[in-house]
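Engineer: Here is the input, now give the coordinates:
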Amino acid sequence: MSDIKALMKEKIQVLDKAAKAYYVDGVEIMSNLEYDALYDELVKLEEESGIVLAGSPTHRVGYEVLSELPKERHPAKMLSLDKTKDREALATWLGDQKGILSWKLDGLTIVLTYRGGKLVKAVSRGNGEVGEVVTSNARTFINLPLKIAFKGELVLRGEAVISYKDFEYINEMIPEADAKYKNPRNLCSGSVRQLDSSVTAERRVRLYGFSIVSADGLEGEILDFENSRLKQMEWLESQGFDVVERRVVTAKTVVNAVDEFEELVENNPLPSDGLVLILDDIAYSQSLGTTAKFPRDSIAFKWRDQLAETVLREVEWSASRTGLINPVAIFDPVELEGTTVSRASLHNVSIARELKLGLGDTIEVYKANMIIPQVARNLTGSDSLEIPALCPVCGGPTEIHRDNEVETLYCPNQGCPAKQIKSFTHFVSRDAMDIEGLSEMTIEKLVSMGFIKEPADLFDLERYRGEIVRMEGFGDKSFANLQEALEKARHISPDRLLYALGITGIGSANAKVIAKACKNDWNKMMNLDIQELTSIEGIGNVMAKAYRDYFNDPEKQRIVGDLMEKLDIDQSYEEGATFMDGLTFVITGSLNHFGNRDELKSLLEAAGAKVAGSVSAKTSYLINNDVTSGSGKNKKAKELGIPIVDEEKVLGWLEKKAVE
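Structural biologist: Residues are numbered from 1 along each chain as shown. All right, here's what the predicted structure looks like:
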């Protein structure tokens, strides 16, 4: 028995360390698959021995709160959910009851309190018993109503999340964010728990409600939701809240509903780590009570990870413009979740070492949450991988940084071409200068040969024509196509140029609102002061400071000045272009007149509209060429009474500059 207890203690220690890193420090030291496997092993040992040690994560909810934010004890313990990976088990669990199946969003659970129609308090889940008061931060969530029609006391729970799109944008723009944030959940946790709410405001956090704790009217009466959680959710939407996407299910329909959600995973704009099934009958749910850790009225469904065995052929060390050098596993191609996969990020030095990798090792790979390729485990464990002592790009010595027990590899050389390559790649990207024919590989060659040192040099490549056409994979035709693309790119709008400069925090959407505020006057855009910037919707103090620092930097001024001599900036501006102000569109389905949704989105935003990723009570129109489709977005739009229009209708509005 002593051996079993020692083994249990060892597993608890590892799980405890991983949980602290993930939930408190916002870093990942092991994959979800590894954590779940270790957790299940501990559960099995506890069941077989009948022993549960103090501090076991199988009987502890969440993790201790460690920050400078004010603390508050929850009125009732917030329990985690029991889980299953068996679809049929969901049907058995439901029995003859009706249930609500919804996304299990992967973010941070928040408890919100409204009184007199106003948000008065927001508390994080914390360890389930004590949370952190994050009220000022919650007020910056971009979709959260600060005032609602209901004037009694309302307490609800929701999940704060950051969309994949915003996660990628923030990771690209925040210096060294890619060293700290490996997934949207970690970024969201760090964003919501900021001491400075202006930082939270710039992270574009959203909140999706999923349950009502209590709703007491002004005279103390308890609102009647016809004993239905579905009615609760619908009422929350009527108050202006975004609520998790859901399906009403029975034992006969739940498996098919899970299949439907599975088809949506790849294109789901919000991070999720499975599904939640909860009983619709509120009174019956309350009668069931709870176990020591789990409520009996709800259960989580986790996707069963599809594992594939393959051989590690190479570890590519990819340098970024922040100096971070990320390890990427290259392996023999395998089929996972319907796609061919041959690469997976290893995140950092710590994880690469933990896996004991070596070239030629047999490894197992999977897609985390059915989306992100990961290395699950190393079946060989040769532990022969060498951490590069020299930067793979500039050849200078590397450094290993240790932060929160996580080791990362850096190139400290400020003149490393890798930092220029990433900046150039951003500069020529589709939403920026949109210069076709300049892949990162081509840019790397041009930088390494000394042909380009700053953006303006791209427009003088004709002087190196002889050398470039002799480059591997780059002949006369390729060079002619590149010159044509460069000539086209000379004629640029102010917002695209601003985004192309790669100023910290200034994404494509922010560049558009700045250009709009300045009526496309480029000189005015360059000279905006802090106060003028923060008066623009969506621009906070941190972003404004980075913006001003950029244009105040003499070297940046020189670079922009050189570039201005090569470009023809279209500063024309139509006052009537914002006829769609106040409208919010959602685009779904295939398009006939555009190569992708971003093209239509750009036109709508230029006309003053907002484009969201999911249908809610705030949506003005759903754009879908198949208006009779039975898709989830169409169904939700019809439920909420939101008009569904086709592409032709919207093009007509854009042409007439009026919504009819």
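Engineer: hey, where'd the strands end up in the stretch 151-300 of the chain?
Structural biologist: Ranges of strands in the stretch 151-300 of the chain, per DSSP state E, counting those that start in this stretch, are 153-161, 206-216, 246-249, 272-279, 298-301.
Engineer: how near is the most centrally placed residue in the chain to S285?
Structural biologist: Nearest residue to the geometric centre of the chain (C-alpha atoms, centre = their mean): Y164, 2.8 Å. Distance, Y164 to S285, by C-beta to C-beta, to the nearest Å: 32 Å. C-betas here are computed from N, CA, C, even on glycine.
Engineer: what number of residues lie near the spatially closest residue to K98 that is not a sequence neighbour?
Structural biologist: Excluding the flanking residues, the one nearest K98 by C-beta to C-beta, 6 or more residues apart in numbering is D280, at 4.5 Å. Per other C-beta atoms under 10 Å, the neighbour tally for D280 reads 21.
Engineer: And for R204?
Structural biologist: For R204, using other C-beta under 10 Å, the count is 21.
Engineer: got a pLDDT number for it?
Structural biologist: Looking at R204, its pLDDT stands at 88.
Engineer: can you give me phi and psi for it?
Structural biologist: R204 adopts backbone torsions of phi 50, psi 50, taken as degrees, to the nearest 10.
Engineer: check contacts around it.
Structural biologist: Contacts of R204 were listed using C-beta atoms under 8 Å, 6 or more residues apart in numbering, and they are I142, I162, S163, D166, I170.
Engineer: can you tell me how far it sits from I142?
Structural biologist: For R204, the distance to I142 - C-beta to C-beta - is 6 Å.
Engineer: again, but for L603
Structural biologist: For L603, the distance to I142 equals 22 Å [C-beta to C-beta].
Engineer: which sections of the stretch 51-200 of the chain are below the confidence cut-off?
Structural biologist: Within the stretch 51-200 of the chain, the ranges that satisfy pLDDT under 70 run 51-55, 59-68, 172-182.
Engineer: now the helices for it?
Structural biologist: Remark: helices assigned in the stretch 51-200 of the chain by DSSP state H, counting those that start in this stretch are 87-94, 135-138, 164-173, 184-192, 197-201.
Engineer: what's the answer for the stretch 351-500 of the chain, then?
Structural biologist: Using DSSP H, counting those that start in this stretch, helices in the stretch 351-500 of the chain cover 417-428, 440-448, 465-469, 476-489, 494-500.
Engineer: Once you drop chain neighbours, what's closest to F210?
Structural biologist: Spatial nearest neighbour of F210, chain neighbours left out: V244 (4.9 Å); criterion: C-beta to C-beta, 6+ apart.
Engineer: give me phi/psi at that neighbour?
Structural biologist: Reported as degrees, to the nearest 10, the phi and psi values for V244 are phi -60, psi 140.
Engineer: I'd say it and R206 touch.
Structural biologist: No. V244 is beyond contact range of R206, at 11.4 Å (criterion: C-beta atoms under 8 Å).
Engineer: just to revisit the earlier point, thought the residue nearest to the centre of the chain was touching S272?
Structural biologist: No. Between Y164 and S272 there is no contact under C-beta under 8 Å: 10.4 Å.
Engineer: roughly how far apart are the nearest residue to N624 once chain neighbours are set aside and N267?
Structural biologist: Leaving aside its sequence neighbours, N624 sits nearest to G589 (C-beta to C-beta, 6+ apart; 4.5 Å). G589 sits at a distance of 11 Å from N267 (criterion: C-beta to C-beta).
Engineer: Could you do W103 as well?
Structural biologist: Distance of W103 to N267, given as C-beta to C-beta: 13 Å.
Engineer: before we move on, what about C416?
Structural biologist: Remark: distance between C416 and N267 (C-beta to C-beta) = 36 Å.
Engineer: Which of those two has more residues huddled nearby?
Structural biologist: Taking other C-beta under 10 Å, C416 and N267 do not tie; C416 has more neighbours (19 against 10).
Engineer: P397 versus that one, what's the distance?
Structural biologist: Using C-beta to C-beta, one gets 11 Å for the distance from C416 to P397.
Engineer: quick one: common contacting residues for the two?
Structural biologist: Shared contacts of C416 and P397, defined by C-beta under 8 Å, 6+ apart, comprise C391.
Engineer: circling back to that earlier point, next up, phi/psi of the residue nearest to N624, please.
Structural biologist: phi 80, psi -180.
Engineer: Could you report the neighbour count for it?
Structural biologist: Counted with other C-beta under 10 Å, residues neighbouring G589 total 17.
Engineer: Kindly report the same for the one 4 residues further on.
Structural biologist: A count of nearby residues for H593, using other C-beta under 10 Å, gives 11.
Engineer: Might you report the residue contacts of it?
Structural biologist: Shown in contact with H593 (C-beta under 8 Å, 6+ apart): L600, E647, L651.
Engineer: Helices of the stretch 201-350 of the chain, residue ranges please.
Structural biologist: Counting by DSSP H, counting those that start in this stretch, the helices of the stretch 201-350 of the chain are 229-238, 254-264, 282-288, 349-354.
Engineer: So G126 is in contact with E132, correct?
Structural biologist: Yes. Using C-beta under 8 Å, G126 is in contact with E132, at 5.8 Å.
Engineer: More neighbours: which of these two?
Structural biologist: Shown here are G126 and E132; by other C-beta under 10 Å, G126 has more neighbours (28 against 22).
Engineer: these two touch, right, T534 and N541?
Structural biologist: Yes. Using C-beta under 8 Å, T534 is in contact with N541, at 6.1 Å.
Engineer: picking up where we left off before, distance-wise, check the residue nearest to K98 relative to S298.
Structural biologist: From D280 to S298 the distance is 11 Å (C-beta to C-beta).
Engineer: picking up where we left off before, JSON lines for the contacts of H593, including pLDDT, neighbour count and distance to I530?
Structural biologist: JSON lines is the format used below for those (pLDDT from 0 to 100; neighbours: other C-beta atoms under 10 Å; distance: C-beta to C-beta, whole Å):
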{"residue": "L600", "pLDDT": "82", "neighbour count": "21", "distance to I530": "34"}
{"residue": "E647", "pLDDT": "86", "neighbour count": "18", "distance to I530": "41"}
{"residue": "L651", "pLDDT": "84", "neighbour count": "15", "distance to I530": "40"}
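Engineer: Inside helices: which ones of these?
Structural biologist: Of the contacts of H593, the ones assigned to helices by DSSP state H are L600, E647, L651.
Engineer: Show the end-to-end separation of stretch 211-231, please.
Structural biologist: Terminal residues of stretch 211-231 are spaced 10 Å apart (C-alpha to C-alpha, to the nearest Å).
Engineer: Quick check: buried residues in that stretch?
Structural biologist: By neighbour count with 16 or more other C-beta atoms under 10 Å, stretch 211-231 contains the buried residues S211, I212, A215, F225, S228, R229, L230, K231.
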